[in-house]
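Q: based on what follows, work out the 3D shape:
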Amino acid sequence: MLNWLTGRRKSKLEDQLAKTDAKLALMNAQMAAELIRLAGQTDDLEPLAQAEDAILSARKYYAYENTPEEIGLVQAALGDMLLKLGRAKSDTDAITRARTAYRAAITLASMHGDEEARHDLRDKVKIVESLLGHHPKTPSLFKVA
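A: Now for the predicted structure:
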């Protein structure tokens, strides 16, 4: 009888922990969104580094396929702000971080089946890569035929 009660209590505690973890993850995503907004208002890259940490912290509670869509949206917004400020300040590191953020957002959009967002994000990655000097190689006409 004691084992059954202990097992039931353990199961209940694990459920509570999962719910608390989910709340904490969403709070981290909300904090990241606020930091992104702050970076846009101040044209400062520092809050974006904190936003990246907050998103990583939020995502550690989920496998990719279980990650809420909100986290993917914040991830894409992070990429947008990194790209905007990176271009304005000619900061290659920020632009590179934008590419990383966009790629993570693409993965999340794919997991949620959001093909439109995935397509838009892929276009943004192409823009970032062209800014970084990574141009796709066109195959030789002789190799195509």
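
Q: now the helices for this protein?
A: 2-42, 46-59, 69-88, 92-111, 115-131, 141-144 (DSSP state H).

Q: now the weakest link among these, please, by mean pLDDT.
A: Note on those: helix 141-144 shows the lowest mean pLDDT, a mean of 55.

Q: now do the phi/psi pair for Asp91.
A: Here is the backbone geometry of Asp91 (degrees, to the nearest 10): phi -100, psi 100.

Q: so what's it closest to, chain neighbours aside?
A: The shortest distance from Asp91 to any non-neighbouring residue, by C-beta to C-beta, 6 or more residues apart in numbering, is to Leu45 (6.7 Å). (C-beta placed from N, C-alpha, C; glycine too.)

Q: got phi/psi on that neighbour?
A: According to degrees, to the nearest 10, Leu45 has phi -80, psi -20.

Q: need the pLDDT of it.
A: Model confidence at Leu45 (pLDDT) stands at 96.

Q: also Met1?
A: In this model, Met1 carries a pLDDT of 54.

Q: and Lys137, by the same measure?
A: 64.

Q: switch the helices of the chain over to JSON lines; also include mean neighbour count.
A: Below are those laid out as JSON lines (neighbours: other C-beta atoms under 10 Å):
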{"stretch": "helix 2-42", "mean neighbour count": "14"}
{"stretch": "helix 46-59", "mean neighbour count": "19"}
{"stretch": "helix 69-88", "mean neighbour count": "21"}
{"stretch": "helix 92-111", "mean neighbour count": "21"}
{"stretch": "helix 115-131", "mean neighbour count": "16"}
{"stretch": "helix 141-144", "mean neighbour count": "6"}
